[in-house]
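[1] My questions concern the predicted model and sequence given below.
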Amino acid sequence: MKTGYITAALMLALLGTGCVREVTEQPWGKGIAELPEYPPLADYKLSLNLISKRELITGEGGRLMFALKNIDNKPIRLVEWYVNEPYNVQVYCQPWFPGMNGPDPNMWIPIRMEIDPKQTGRFPLDLMPNNEVQIEKELPFVDSLVVSPNGERRYFIKAELNLKSVKVESPLAAVAIRSPETKGKVVTVQ
């Protein structure tokens, strides 16, 4: 009988304290959440480099691999890093025509990047000194590019981080795109 009284007393105590959840509305304008602001970092040393092979074959995909490396002697935290890692890098290209000595600064074409609103999650990326993260990017035009059987097309490539807190750009690189018939052969530039 005593256990019945103790159980009843505990039940009344739990009901008396209750679990109340207060719901407050978010002060978002027009029902759309504001994006967080990512202030620029003051002191950092990062490098972004193309580390994949520079020769692509039409029909085999245009995958490029970039490495973001912390070249400082202290760790860095990038709080705005996209979970879907290709969103973190924007690639630019321009054709390298015969006779050109270098790229035209006004002719850079950004490779379109479709950002899925359902995949825009972010998480902090911590890079220790001399550590790197590798990001794979796709050149979508490589598969549909027409290249003569014994030729190749060349493009200037550069990339930059698609982040607000740091400004990092890769050095200029060149990529040759060849037809499948030219694997392992010496070819002429178109």
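    Received it, and whenever you're ready, just let me know what you need.
[2] Contacts only, for residue 72.
    Applying C-beta atoms under 8 Å, 6 or more residues apart in numbering, we find residue 72 in contact with 44, 45, 46, 129. (Each C-beta comes from the backbone N, C-alpha and C, glycine too.)
[3] of those residues, closest to residue 77?
    Lowest distance from residue 77 to these (C-beta to C-beta) belongs to residue 44, with 9.8 Å.
[4] And the closest one, how close does it get to residue 80?
    13 Å (C-beta to C-beta, to the nearest Å).
[5] just checking, what's the longest strand in the protein?
    strand 151-161 (DSSP state E).
[6] Skip the chain neighbours and tell me the closest residue to the residue nearest in space to the middle of the chain.
    The chain has residue 88 as the residue nearest its centroid, 2.1 Å off, counting by C-alpha atoms, centre = their mean. Closest residue to residue 88 apart from its sequence neighbours, by C-beta to C-beta, 6 or more residues apart in numbering: residue 82 at 5.1 Å.
[7] what are the bridge partners for that neighbour, then?
    Beta bridges link residue 82 to residue 122, judged by DSSP bridges.
[8] go on, the one 10 residues further on?
    Counting by DSSP bridges, residue 92 forms beta bridges with residue 110, residue 158.
[9] wouldn't it be in contact with residue 162 here?
    No. With contact defined as C-beta atoms under 8 Å, residue 92 does not reach residue 162; the gap is 11.6 Å.
[10] Those two: who's more crowded?
    Between residue 92 and residue 162, counted using other C-beta atoms under 10 Å, residue 92 has the larger neighbour count: 18 against 15.
[11] what ranges do the strands span in this protein?
    So, for the chain - with DSSP E - the strands run 46-50, 55-57, 63-70, 76-82, 89-95, 109-110, 122-127, 132-138, 151-161, 173-178, 188-189.
[12] could you say what helices and strands the fifth one packs with?
    Taking 3 or more C-beta pairs under 8 Å, 6 or more residues apart in numbering; DSSP states H and E as contact, the helices and strands that strand 89-95 lies on are strand 63-70, strand 109-110, strand 132-138, strand 151-161.
[13] Tell me the gap between the second one and the middle of its chain.
    Relative to its chain's centre, strand 109-110 lies at 16 Å (C-alpha atoms, centre = their mean, to the nearest Å).
[14] now do the longest one
    Centroid displacement of strand 151-161 relative to its chain, using C-alpha atoms, centre = their mean, is 18 Å.
[15] Run the angle between that strand and strand 132-138 for me.
    If you take axes from the mean of the first three to the mean of the last three C-alpha atoms, to 10 degrees, strand 151-161 sits at 130 degrees to strand 132-138.
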